[in-house]
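Visitor: Structure here, sequence nowhere to be found:
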């Protein structure tokens, strides 16, 4: 079976800085993949290249067998890749319901949103635990609620692949567990492939089947959570940082 | 050939005016992210002030020039202090637009006040110097000379003085500059004072050549904005070159293409430049 | 919409329908001006209030529609009833042509560029003497050809014509703004990068909003041309564009009804000042600054504040 997402020798240079160097990745559909690494390693850059926010300097990105590198973000979104952002983004001065509805309409535009769409938006809002914020202006929410709005909006676009950038940052332990349950549901029941960039180790270890470790733009390790935890290179990269500071 | 040189000369002179206003606009825009349209109206009021100083009090031109610069500086400073500053922190989403709209409102306001007070009939500014060189009156040449002197002064100020360094720091990274202890209030005030003074100078220098009237600031403001966008936000010299260059291109276009659309050329040049080089010709930001 | 608003709307509509029968022709004339400006501010609001970009060239599209319609009927003898939609479509296409490159610019750059563009078009009106007769003015424009036996040479008939078009235009805008596409337009204003990331073709939506806004201004221009029957470039200068901005702001952009009320209010204030023409512009400049200082969201913002909003 063809891999859902294939990165081949993906490279990004910003002037003299190499943010990503020859990154290879093969992602099967249905998988839960984690991407970890020290700050500034280039994880968000990878996301940005996949979703079209920036163009790769070299290398290719294929989604469902078709090249998508260099396409505009809205094209890539239409092909079935959704994401959330590290610095949370919402449509500020409209209610949560309208936020999610925009996601649905972007996927399938109607002159008047259909009953079906309204129902799906309601379901998505319920699934992400946002019912009580349904009519609240998005800008008035806490950061963690806004993250859920971002997630709900992305879900409304009916993605096949969901890229989540530091979704767990700033959440309490209880909230992390709730989020993990939600993500497992999204992956298991809805069949959406997940790629999460995370610093919260507990979340990555519990959720992901496979983990990729990025440091200074390069992939230095890939394997199951067990393998990664025992990988000397990975430990060095993290501990090494601590020693220097 | 003679006509060509004559037009180039005219272009240099009017281009100096554009460059002076553009320099002020540029510094203001790069620090505060406000395209200060109001400079076009300080221009007008400064010209009238200089006119009255010369005709009512009989002051020499240099005094009139200084008066014009002071009037421009004071008006510019006041509008920043009491209006733009209210929205400096940009606490709500439309704040940047509010500043722009305020600038445009002030632009129309003072120009129309001039119209109401002194009618639209042009006032002839008395000549302050006789004689000419190579077909250009000394008054014309002075415009270019004064512009160069002012440019050099501003350049030295920005590059060599402590305040100038503070201004440069603020234009690169406002937040960082504040953290480093630079007083943004002071920087803003100085920057607007400089802008107003430059607009005033430009207006007074050109008045003996083209007379004083309420809408005299319209076109120089537009052209100056073109220069700012063309020149990008990086370099003082770039502003001078673009300003003078635009003046020359316009003057040549008026003779060789069509004089009717003379004022439209700057727009076309702007559009082409923005399409090809969205950061401007010398831009860094 | 609450029933208070619906009752108010009904009252206003009835009032507007009765005006030619209860007021002097001078008042009718002023209301026509207010209606025309309402159409301009409403179409302006689609772009600036709903999509987001601040533009200063609306009067240029107004003038483009006016001159196009006038010239079509004068030079080719085409009927007003065809010239109107053709002008609208022409200005729509022109808006798309200009908007496509211009909307790649963000923020202040876009606003300043529209300022230049508006002035440039004004210069064209002023200098293309063969077509527009420049400052001499383009006159002799005929009123709309009579249909259904109605003669349009009088003020009353024109009043109702413009009123009907105004209602149609506002109705169209209301439907558009509340439609699925309208929500996509709003998404751009709220967070353009996010909109792009969730699959909204932001370039297309922006250009559409800009072009529709322009096209509607063009239709308004056509109505004006055949009502006023004399066109002068100064009617379509940047002052007029600025006036439209002020009216929209006074009312409150992004609400559709706000700019319409703003148009009405400002038109009447300015007409009351017509004895002192120089003061008129000073008044609206001061008005603009006052609005910005007190409540940038305009009357709609004040209304929201009173009702316990933000």
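Guide: Yes, it's here. If you're wondering where the values come from, they're calculated on a predicted model, not measured in any experiment.
Visitor: Let me know the next secondary structure element after the helix or strand hosting residue B:68.
Guide: Assigned by DSSP states H and E, residue B:68 belongs to helix B:61-82. For helix B:61-82, the succeeding helix or strand toward the C-terminus, using DSSP H and E, is helix B:95-118.
Visitor: got the contact list for the helix or strand just after that next one?
Guide: Next in sequence after helix B:95-118, counting helices and strands by DSSP H and E, comes strand B:132-133. With contact meaning CB atoms under 8 Å, 6 or more residues apart in numbering or on different chains, strand B:132-133 is reached by B:138, B:140-141. Where you see a C-beta, it was placed from the backbone N, CA and C, and this is true even at glycine.
Visitor: what's the single longest helix in chain B?
Guide: Of all the segments assigned as helix in chain B under DSSP state H, the longest by residue count is helix B:2-32.
Visitor: Which other helices and strands does it contact?
Guide: When contacts are defined as 3 or more CB pairs under 8 Å, 6 or more residues apart in numbering or on different chains; DSSP states H and E, helix B:2-32 sits against helix B:39-57, helix B:138-160, helix B:162-172, helix B:184-210, helix B:218-231, helix B:236-256.
Visitor: sorry, back to before: looking at the contacts of strand B:132-133, which has the most residues close by?
Guide: Neighbour count (other CB atoms under 10 Å in any protein chain shown) singles out residue B:140 as the most crowded of the contacts of strand B:132-133, with 23 neighbours.
Visitor: That residue reaches residue B:13, doesn't it?
Guide: Yes. Applying CB atoms under 8 Å, one finds residue B:140 in contact with residue B:13, separated by 5.2 Å.
Visitor: anything in contact with each of these two?
Guide: Common neighbours of residue B:140 and residue B:13 (CB under 8 Å, 6+ apart) are residue B:209.
Visitor: For the longest helix of chain B, which residues meet the burial criterion?
Guide: Across helix B:2-32, burial judged by 16 or more other CB atoms under 10 Å in any protein chain shown covers B:7, B:9-32.
Visitor: Spell out the residue ranges of the helices in the stretch 101-250 of chain C.
Guide: Secondary structure of the stretch 101-250 of chain C (DSSP state H, counting those that start in this stretch): helices at C:107-127, C:129-132, C:155-178, C:180-197, C:202-228, C:238-251.
Visitor: swap in chain A?
Guide: Using DSSP H, helices in chain A cover A:43-50, A:73-79, A:96-107, A:115-127, A:143-156, A:173-188, A:201-207, A:225-229, A:232-244.
Visitor: okay, now the residue in the stretch 101-250 of chain C positioned nearest to chain B: neighbour count?
Guide: Nearest residue of the stretch 101-250 of chain C to chain B: residue C:127, at 4.1 Å (CB to the nearest CB). By the criterion of other CB under 10 Å, residue C:127 has 20 neighbours.
Visitor: mind checking how far it is from residue C:141?
Guide: Distance of residue C:127 to residue C:141, given as CB to CB, to the nearest Å: 20 Å.
Visitor: picking that back up, so which of the helices and strands packed on helix B:2-32 comes closest to residue C:111?
Guide: Nearest to residue C:111 among these is helix B:218-231 (10.7 Å), distances taken as CB to CB.
Visitor: returning to that earlier point: can you check which of the helices and strands packed on helix B:2-32 gets nearest to residue C:185?
Guide: Nearest to residue C:185, of these and by CB to CB, is helix B:218-231 at 27.2 Å.
Visitor: The closest one and chain C, are they touching?
Guide: Yes. Using CB under 8 Å from any CB of the partner chain, we find that helix B:218-231 touches chain C at B:222, B:225-226, B:229.
Visitor: wait, residue B:142 sits on residue B:127?
Guide: No. Counting by CB under 8 Å, residue B:142 sits too far from residue B:127 to count as a contact (11.4 Å).
Visitor: Neighbour count: the two, which is higher?
Guide: residue B:142 (21 against 12).
Visitor: contacting residues around the more buried one?
Guide: B:129, B:205 are the contacts of residue B:142 under CB under 8 Å, 6+ apart.
Visitor: can you redo the helices and strands packed on helix B:2-32 as a markdown table with mean pLDDT?
Guide: Formatted as a markdown table, the helices and strands packed on helix B:2-32 follow (pLDDT from 0 to 100):
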| stretch | mean pLDDT |
| --- | --- |
| helix B:39-57 | 93 |
| helix B:138-160 | 90 |
| helix B:162-172 | 85 |
| helix B:184-210 | 93 |
| helix B:218-231 | 87 |
| helix B:236-256 | 86 |
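Visitor: where's residue B:127 relative to chain C, distance?
Guide: Distance, residue B:127 to chain C, by CB to the nearest CB, to the nearest Å: 30 Å.
Visitor: mind listing what residue A:190 touches?
Guide: Contacts of residue A:190 by CB under 8 Å, 6+ apart are residue A:155.
Visitor: Can you list phi and psi of it for me?
Guide: phi -100, psi -10 (degrees, to the nearest 10).
Visitor: Chain B versus that one, what's the distance?
Guide: Distance from residue A:190 to chain B, by CB to the nearest CB: 34 Å.
Visitor: interface residues of chain A facing chain B?
Guide: Residues of chain A lying near chain B (CB under 8 Å from any CB): A:92-93.
Visitor: which residues of the chain score low on pLDDT?
Guide: Since no chain was named, I'll use chain A. Scanning chain A for pLDDT under 70 picks out A:1, A:239-245.
Visitor: Chain C is the one I meant
Guide: C:1-2, C:308-310.
Visitor: can you pull the contacts of the residue nearest the centre of it?
Guide: The structure's chain C has its C-alpha centroid closest to residue C:40; by CA atoms, centre = their mean the separation is 0.8 Å. When contacts are counted by CB under 8 Å, 6+ apart, residue C:40 touches C:58-59, C:62, C:217, C:220, C:244, C:263.
Visitor: give me that answer again for 6 Å
Guide: C:217, C:220, C:244 (CB atoms under 6 Å, 6 or more residues apart in numbering or on different chains).
Visitor: would CSV of these with neighbour count and distance to chain B be doable?
Guide: Shown next, in CSV, are those (neighbours: other CB atoms under 10 Å in any protein chain shown; distance: CB to the nearest CB, whole Å):
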residue, neighbour count, distance to chain B
C:217, 30, 19
C:220, 30, 23
C:244, 28, 12
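Visitor: Spell out which residues of the stretch 101-250 of chain B are next to chain C.
Guide: Counting by CB under 6 Å from any CB of the partner chain, the positions of the stretch 101-250 of chain B adjacent to chain C are B:102, B:105, B:108-109, B:112-113, B:115-116, B:225.
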